[in-house]
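Participant: Sequence and predicted structure below; questions after.
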Amino acid sequence: MIDLRILVIDDEAHIRKTTTVTLDALGHECVQASSGPEALGLMQKSSFDAAFLDLRLGNENGLELIPKLLALEPKLNVIVFTAYSSIDTAVEAMRLGAVDYIAKPFTPEQIRQSLSRIENARRLENRVVELESMLSGTETLADFTTGEPVVQKLFETATKAAASAATLLILGESGTGKSVLARALHRNSPRRDNAFVTVACPSLSRELLESELFGHARGAFTGAVGETWGKIKAAEGGTLFLDEIGELPSEIQPKLLRLLQEREYERVGDPKPRKANVRVIASTNRRLEDLVKEGKFREDLYYRLNVITIEMPPLRQRPLDLPSLARQHLEMFARQSPRPIKEFTPAALSAMQRYPWPGNLRELRNVIERAVILAPGDKIDVNDFPDALRGAQPSGAVPGNRISLEQLEREHILRVIEIAGSMDEAARILGIDPATLYRKRKRYAEPDAAAPAPTSTS
């Protein structure tokens, strides 16, 4: 269940107390108001997820209060409860914006069911936003099929990690798909029905980042005219993704450590500790170990983040995946355009396979989107690519732009050795005997090992 902040509005003290006790038992935070003006005053100073509203507040008509509450908090879920229930008042309350209607006397189970409906609606809203993002193409493709043994092992680890509640650290160069993997992990986790909230650590000043992450109380700093609940609260029950955690200011690091260790945090300017039910996934393109040695990143925070680590390989280390990744992006952009482009010419594919892709998947996406827009025919040709890609030369190519089978094997084996944790692990991934792998590595280290194989001219 998602923890909600709820305003209870009733002129009878015992009703307010009974409702608050019920809501507290369900794990929600409650604030009480005995009149319309008091409720509006609290709404102006703070933020609430829901409100239980009595329709008779002394001489006040609770129906007239509904539009005033929603004007201050458009997403507020107003639940009306009254001892003077009728079909007409229920219909009028719903017309004015209430989401539910409970007759007094009510039971704790009725309260629980009403809040469950709110939570289900919120989950559906989150899912709709996610699907709209996918359909609009604003989200990079998340395809985790691969022909690369090392990458396959990585994806298997990610699949296992998704089902756990453990903190995850995703490493990799810029553009390798760290945020795409984080969102996929959320989709395949038990928290999938709740929010996935991203905090870009390098994007704001320390003060603004702290406020965005933890929230702030009214008057906490100059310009804080209202209360903000922050991204941790927004991610309640879901996943909090800290993008580029290596850029997190040192002043905020102890607060994040407390969140990870104790599942507690405090808003800026508000000393009250608050519980957080979020799963944290962090990413970085920097080596946190080096930042720890330089005194720029807390060692204890690093170990808290480094429970399960997944390192996304650069695109240049995924040659077997490049053609399928390129075609997936081609299909997506051709469908969006719409353009009748279905394939790459052999020259275009060859150019893409020669290019080192320093911008990784992000660069691949941009290049193909540009080519789909500019291509004059029904195929993307090498001339539709940027100059840097058209001029790319193969590494260690033999005359005629051909790479021998021996050279291809050599490059693949050396790449697996580089990525694997040990020679035995590399041998297991390659499916060969460790002794054979040691012999091949020794031969590759010889001066003439990289020379191109002689070709016959007869």
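Facilitator: Sure, I can see it.
Participant: quick one, strands of the stretch 1-150 of the chain?
Facilitator: Using DSSP state E, counting those that start in this stretch, the strands found in the stretch 1-150 of the chain span residues 5-9, 29-33, 50-54, 56-57, 60-61, 77-82, 100-103.
Participant: Is residue 353 in contact with residue 318, as I believe?
Facilitator: No. The pair residue 353 / residue 318 is not scored as a contact, 10.9 Å apart, by C-beta atoms under 8 Å. Just so you know, the C-beta spots here come from the backbone N, C-alpha and C atoms, and that holds for glycine as well.
Participant: what about these two, which has more around it?
Facilitator: Using other C-beta atoms under 10 Å as the criterion, residue 353 and residue 318 rank with residue 318 on top: 22 against 15.
Participant: what residues are up against that one?
Facilitator: 146, 148, 151, 325 (C-beta atoms under 8 Å, 6 or more residues apart in numbering).
Participant: how much space between residue 163 and residue 123?
Facilitator: Relative to residue 123, residue 163 is positioned 19 Å away (C-beta to C-beta, to the nearest Å).
Participant: for the closest residue to residue 58 other than its chain neighbours, phi and psi?
Facilitator: The shortest distance from residue 58 to any non-neighbouring residue, by C-beta to C-beta, 6 or more residues apart in numbering, is to residue 11 (4.9 Å). When read as degrees, to the nearest 10, the backbone of residue 11 gives phi -80, psi -10.
Participant: Kindly report the same for residue 169.
Facilitator: Note on residue 169: its backbone torsions stand at phi -120, psi 120 [degrees, to the nearest 10].
Participant: so what's it bridging to?
Facilitator: Bridge pairing for residue 169 (DSSP bridges) gives the partners residue 282, residue 309.
Participant: before we move on, back to that, so which of residue 163 and residue 123 has more stuff around it?
Facilitator: A direct count of neighbours by other C-beta under 10 Å for residue 163 and residue 123 places residue 123 higher, at 17 against 11.
Participant: Mind pulling up the pLDDT for the more buried one?
Facilitator: What the model reports as pLDDT for residue 123 is 72.
Participant: Contact partners for it?
Facilitator: Here residue 123 is in contact with 193-194 (criterion: C-beta under 8 Å, 6+ apart).
Participant: What separation is there between it and residue 270?
Facilitator: Distance from residue 123 to residue 270, by C-beta to C-beta: 28 Å.
Participant: got it, and residue 328?
Facilitator: 47 Å.
Participant: Equivalent analysis for residue 185, please.
Facilitator: Separation of residue 185 from residue 270 (C-beta to C-beta): 31 Å.
Participant: more neighbours, these two?
Facilitator: Neighbour count, other C-beta under 10 Å: between residue 185 and residue 270, residue 185 has more, with 25 against 15.
Participant: what's near enough to touch the more buried one?
Facilitator: 158, 161-162, 168, 239, 281.
Participant: Which helix or strand contains residue 181?
Facilitator: Assigned by DSSP states H and E, residue 181 belongs to helix 178-187.
Participant: what does residue 270 give?
Facilitator: Assigned by DSSP H and E, residue 270 belongs to no helix or strand.
Participant: just checking, it touches residue 214?
Facilitator: No. Here residue 270 lies out of contact with residue 214, judged by C-beta under 8 Å, at a distance of 9.1 Å.
Participant: quick check: domain ranges of the chain?
Facilitator: Following automatic domain parsing, one finds the domains of the chain at 5-119, 149-313, 316-390.
Participant: Tabulate these in CSV, adding columns for distance to residue 442 and mean pLDDT.
Facilitator: Formatted as CSV, these follow (distance: least, C-beta to C-beta, whole Å; pLDDT from 0 to 100):
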stretch, distance to residue 442, mean pLDDT
domain 5-119, 62, 88
domain 149-313, 22, 89
domain 316-390, 23, 90
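Participant: Compare those and give me the one nearest residue 417.
Facilitator: For residue 417, the closest of these is domain 149-313, at 10.3 Å, according to C-beta to C-beta.
Participant: Next, the distance between the ends of stretch 53-64.
Facilitator: 11 Å (C-alpha to C-alpha, to the nearest Å).
Participant: quick one: buried residues of it?
Facilitator: For stretch 53-64, a neighbour-count test (16 or more other C-beta atoms under 10 Å) marks 53-55, 57, 60, 62-63 as buried.
Participant: now do stretch 293-312
Facilitator: Buried-residue list, stretch 293-312, by 16+ other C-beta under 10 Å: 296-298, 301-302, 304-305, 308, 310, 312.
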